[in-house]
Structures are given as C-alpha cells and as structure tokens.
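Trainee: Structure of the sequence below:
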Amino acid sequence: MDLQLTNQGVVVLGGGSGIGRAIAATFAAEGACVGVFDRSLRCSKWPVELEVEYVVGDIADYELSLIHISEPTRLRRISYAVFCLK
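Mentor: Numbers count the residues shown, from 1 in each chain. Now for the predicted structure:
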C-alpha cells in the first residue's frame, strides 16, 4: 500500500514499544523520515532496513524535550506527530 509518506518527517512520542513502535515502524516502512522519542533505551534497537532515529528522554522535561523532539527530523519539516504516551 502506498500511503505517499516518502520523505515526510514524522515524530512518534512514546514510540519505543507497543502501539507507538508499530506506528513508527509503519511510517518508516512507507519511506518516512521517522524520529522516535521514548524514555527507555532498552527499546532503541530497530531493524536496519527501517531508518529510524531514536532519542531517549523524558517528555516531562519541557525544554529538553523540544530540543530532542526536533533533533531526529532536523533536516525535514515535521509533517506528522503521533503521541503514544502512558
């Protein structure tokens, strides 16, 4: 299925596991430039064929979060943001 996401900038907050990880993987498989922001380093391993930038941090730290959220997609405009937070 072609969702026309090639080269689109996507940020997934809480994308390290569960449904957030599945969403991030789907965007990446469709060719999007995906940045994942999550609290846990343990979920940072991704298959090589999925180009995913992974950033560890806590969304509760507002100033730090703004820097980290924009870092993975710094070369692209963010087209989609997905929040999968507990």
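
Trainee: Tell me the secondary structure at Ala22.
Mentor: helix (DSSP: H, G, I helix; E, B strand; the rest coil).

Trainee: Toward the C-terminus, what is the element adjacent to the helix or strand of the chain with the lowest mean pLDDT?
Mentor: Lowest on mean pLDDT, DSSP states H and E among the helices and strands of the chain sits helix 62-70, with a mean of 60. The helix or strand immediately downstream of helix 62-70 is strand 78-83, counting by DSSP states H and E.

Trainee: Which positions within that following strand qualify as buried?
Mentor: Buried residues in strand 78-83, defined by neighbour count with 16 or more other C-beta atoms under 10 Å: Ile78, Val82. From N, CA and C alone the C-beta is placed, and that goes for glycine too.

Trainee: again with stretch 11-28
Mentor: So, applying 16+ other C-beta under 10 Å, buried residues of stretch 11-28: 11-16, 20-21, 23-28.

Trainee: In helices, which of those fall?
Mentor: Counting by DSSP state H, the part of those found in helices is Gly20, Arg21, Ile23, Ala24, Ala25, Thr26, Phe27, Ala28.

Trainee: per-residue confidence at the residue nearest to the second one when sequence neighbours are not counted?
Mentor: What it means is Arg21. Leaving aside its sequence neighbours, Arg21 sits nearest to Gly15 (C-beta to C-beta, 6 or more residues apart in numbering; 5.7 Å). At Gly15, the pLDDT value in this model is 87.
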